[in-house]
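Undergrad: Structure, please.
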Amino acid sequence: MTYFSTDIGSQIHDINDDYYLYQDKSLHSALVIEKRAELATMEVESETLESEWERTFHTTHYVMKLKERALKGLLKSSSFRSVAWQVFLEVLPGDIRQWVPVTVQNRERYTELKSHYVIDPHETEDMSLTVNNPLSQEEQSPWAQFFQDNELRKVIMQDIKRTYPGELMFEQMEIRDIMLNILFIYAREQPDINYKQGMHELLAPIVYVFYNEYMLVQDVTNPSSQLIRTVVSMKYLEHDLYWCYVALMKHTHPYYTTDKINKPEPVNKDQTLLFKEDTPQPSSYIVQSLEELQNGTLRRFDPELQQHLQKLAIQPQLYGLRWMRLLFGREFPLKDMLSIWDALLASPDFAGMVEYVCIAMLLYIRDALLCNDHTGCLTLLMRFPQTSDVQLFVQRALYLRNPSHYDCPPNVQYRPNAKTRLANGPDRHDIAPVRSSSVGRQEALRQYRTESATYSAPKSPVSAISDTIKRKMSAPKVHTSNSVSSVTRPTEDTSPSSELLEYRRVQEYCSSRLDSLLDDLQNTICELCEEQTEHEDKLMVSLAGLKQVRDVLKGNVSLGCILAPPSSDSPSVPSSENGDNDVTDSQLATEDAEEQEESSSPETAP
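TA: Below is the predicted model of the structure:
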């Protein structure tokens, strides 16, 4: 790329000097017009960027105005979002006159760090061969550290190769090498934190923003703007990325520290947690934050939803660890997520803003969660449905934090179709406003169940066994005599009680086999979850479904809770004013199914 500081007339003159190469005058005229249009366009873009720079940073109280724009989602149209992030993270000071010396100092410091940690043992001098050789066992041997660093770099690069596979930018070796150096130097500089999987997904959005804006400024900026050329320089892209990443990790590093803590007790004894007792658990900070989020903050704004999640024994760690650690990187597309990051970085309370964005996301899918069982809720939480405007979550979070300062946003609810009630995961759907009153919520729930009731799910094996038992119990027994053979044969007992006992043995065998298989599967999943595999969500949902089948076979969970479809003809139940004693349609359907099973099944010996 070339800076366009030369005069247009001089470049046109160069074309005129080479006119003898073109015998056709029309071709020469076309070249002149094309050259003039290209240079004029780039000069206009250069003036536009410089004028935007002046409007953004050379005004009084520019930091406050910049944060207001970020909270409103207006930075997505800015050409200097990277500079704004550095201001929010205090990489650049508030005084714009200090930007150049601070930037130069940071870049020199990074150069020193890189030369210190990225070593080549072949270049080491003043060491004897007994120490400076690959087979040396000495602690001060540079090869020992080199081999350790090489293993760490392999682990980091393995994660970097899986970063945003849909973005071609992250497939460039130049970008991968930059990310590798940054993550490696940070791990060496912060040995207590080191490198954890997921950190590369925090660096990727920063790289995306900086790289695209630095390329834009390099292409069109006039070199006469010394401040822009110094602060936004493609030559020092890696240096600026490192310090912005370090500043971000000051807010997020508590999410990645790991300590031994006691395993939380499940609320429902029939349900089991998806954690092993001897597995290193997440830090007490993030666990306590998530517990407070679901059992404290969510309970204050929506006690009905909090009680529903508590009743299903859905621990906030199952979905909240990924939400917080990756700052919603897997819940939203990359470009939409940048708007949420704008608000997080501009907020004076970073951790508090993250918590309230999580609350806003839960409230967005609250009706769908209330209408689902354990597996369906986990699917919604781990495969968060997409929306056309992520600014909705920012506005809701700001209002929940400070309702006296921000306007109440419209109450928008996720609306799935009938098939998304299954555990296959929700698709993308449009959003529709819902009334916030208790009557409106009940109507929305009934409408949701009515739409979902039109789709009948295929019967499970447990349902087939139950239907077979009822069919054989109701069928008349036909007794035939064998007059041809005079040999007496032992007749099999085909009474209903013997058949029930046989199916009981089948249930006991299946449940015992599921117990052993689930233990092996859970141990394997927990080991894989420590590495945050790509298929973590599917594994967790599948494990939850298997545990549900096991509980049905053991009799810990009623079959009616799983198989009873919601009835669209069920009468509406008036709700109380405080909402604590509301009786939902699913509870009525569950009670009816249990009573029907008790009345239809004969008494059997325990």
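Undergrad: make it CA atoms for all contacts and neighbour counts henceforth
TA: Will do.
Undergrad: Can you point out the buried residues in the host helix or strand of Thr379?
TA: Using DSSP states H and E, Thr379 maps to helix 374-382. For helix 374-382, the neighbour count (16 or more other C-alpha atoms under 10 Å) marks 374-382 as buried.
Undergrad: What lies in contact with the helix or strand encompassing Leu321?
TA: Leu321 is part of helix 317-325 when elements are defined by DSSP H and E. Contacts to helix 317-325, defined as C-alpha atoms under 8 Å, 6 or more residues apart in numbering, come from residues 198, 252, 255-256, 286-287, 290, 328-331, 354, 358, 378, 381-382.
Undergrad: What average pLDDT does it get?
TA: If you average the pLDDT over helix 317-325, you get 94.
Undergrad: Over to stretch 106-119?
TA: Mean predicted confidence for stretch 106-119 is 93.
Undergrad: Go through it and flag the buried ones.
TA: Using 16+ other C-alpha under 10 Å as the test for burial, stretch 106-119 gives 106-107, 110, 117.
Undergrad: For Gln306, see how far away Arg300 is.
TA: Per C-alpha to C-alpha, to the nearest Å, Arg300 is found 9 Å from Gln306.
Undergrad: And these two? Which one has more around it.
TA: For the pair Arg300 and Gln306, the greater number of neighbours falls to Gln306 (22 against 12), based on other C-alpha atoms under 10 Å.
Undergrad: just to revisit the earlier point, now intersect the buried residues of stretch 106-119 with the strands, please.
TA: Here DSSP state E is the test, and these give no hits in strands at all.
Undergrad: Return the member of those residues nearest to Met540.
TA: For the buried residues of stretch 106-119, the minimum distance to Met540 (C-alpha to C-alpha) is 38.6 Å, reached by Tyr117.
Undergrad: Could you find the closest non-adjacent residue to that closest one?
TA: Ile185 (6.6 Å; C-alpha to C-alpha, 6 or more residues apart in numbering).
Undergrad: Any idea how many residues pack against that neighbour?
TA: Burial of Ile185 is recorded as 20 neighbouring residues (other C-alpha under 10 Å).
Undergrad: before we move on, what about Pro191?
TA: 9.
Undergrad: Please list all residues in contact with it.
TA: Counting by C-alpha under 8 Å, 6+ apart, there are no residues that Pro191 touches.
Undergrad: Helix, strand or coil: sort out it for me.
TA: Recorded secondary structure, Pro191: coil (DSSP: H, G, I helix; E, B strand; the rest coil).
Undergrad: And the one 5 residues further on, by the same measure?
TA: Classification of Lys196 using three-state DSSP returns coil.
Undergrad: What does the pLDDT read for it?
TA: 93.
Undergrad: That one contacts Tyr256, correct?
TA: Yes - at 6.9 Å, Lys196 and Tyr256 qualify as touching, with contact defined as C-alpha atoms under 8 Å.
Undergrad: ok, which stretches of the stretch 201-350 of the chain are helices?
TA: Secondary structure of the stretch 201-350 of the chain (DSSP state H, counting those that start in this stretch): helices at 226-231, 237-252, 284-292, 298-301, 303-311, 317-325, 334-346, 350-364.
Undergrad: I'd like the average pLDDT over the last one.
TA: It refers to helix 350-364. On average, helix 350-364 scores 96.
Undergrad: And the pLDDT for Glu277?
TA: 40.
Undergrad: my bad, Thr524
TA: For Thr524, the predicted pLDDT is 70.
Undergrad: how close does it get to Met361?
TA: 30 Å.
Undergrad: More neighbours: which of the two?
TA: Set side by side, Thr524 and Met361 show more neighbours around Met361, with 21 against 11, by other C-alpha under 10 Å.
Undergrad: Verify the contact between the more buried one and Phe393 for me.
TA: Yes - Met361 is within contact range of Phe393, at 6.4 Å (criterion: C-alpha under 8 Å).
Undergrad: burial count for Gln172?
TA: 11.
Undergrad: neighbour count winner among Lys196 and Tyr256?
TA: Legend: neighbour count by other C-alpha under 10 Å for Lys196 and Tyr256, higher for Tyr256 (22 against 17).
Undergrad: okay, that one: pLDDT?
TA: You'll see Tyr256 listed with a pLDDT of 91.
Undergrad: before we move on, the earlier item: name the helices or strands packed onto the helix holding Thr379?
TA: The helices and strands touching helix 374-382, judged by 3 or more C-alpha pairs under 8 Å, 6 or more residues apart in numbering; DSSP states H and E, are helix 317-325, helix 366-370, helix 536-554.
Undergrad: Just the closest of the contacts of helix 317-325 to Ala313, please.
TA: Nearest to Ala313 among the contacts of helix 317-325 is Leu378, at 10.7 Å by C-alpha to C-alpha.
Undergrad: Distance-wise, check the closest one relative to Gln391.
TA: For Leu378, the distance to Gln391 - C-alpha to C-alpha - is 24 Å.
Undergrad: Same question for Leu363.
TA: 14 Å.
Undergrad: what do you get for Val541?
TA: If you go by C-alpha to C-alpha, the gap between Val541 and Gln391 works out to 29 Å.
Undergrad: So between the two, which is more surrounded?
TA: Val541 (21 against 18).
Undergrad: Surely the more buried one touches Leu378?
TA: Yes - counting by C-alpha under 8 Å, Val541 does reach Leu378; the two are 6.5 Å apart.
Undergrad: circling back: tell me the angle of the helix holding Leu321 relative to helix 536-554?
TA: 170 degrees (axes from the mean of the first three to the mean of the last three C-alpha atoms, to 10 degrees).
Undergrad: and the gap between Glu189 and Glu108?
TA: Look at Glu189 and Glu108: by C-alpha to C-alpha, they are 16 Å apart.
Undergrad: meant to ask about Leu92
TA: Applying C-alpha to C-alpha to Leu92 and Glu108 gives a distance of 15 Å.
Undergrad: same deal with Asp240?
TA: 11 Å.
Undergrad: which stretches of this structure aren't confidently modelled?
TA: Where the chain drops to pLDDT under 70, the residues are 1-47, 120-144, 221-224, 258-283, 417-496, 523, 525-536, 557-606.
Undergrad: And the nearest residue to Leu248 once chain neighbours are set aside, its phi and psi?
TA: Nearest residue to Leu248 in three dimensions, chain neighbours excluded: Leu89, at 6.9 Å (C-alpha to C-alpha, 6+ apart). Phi and psi for Leu89, reported as degrees, to the nearest 10, are phi -90, psi 0.
Undergrad: Can you give me the neighbour number for Leu89?
TA: By the measure other C-alpha under 10 Å, the count of residues near Leu89 is 20.
Undergrad: is it true that it touches Met249?
TA: No - using C-alpha under 8 Å, Leu89 is not in contact with Met249, being 10.2 Å away.
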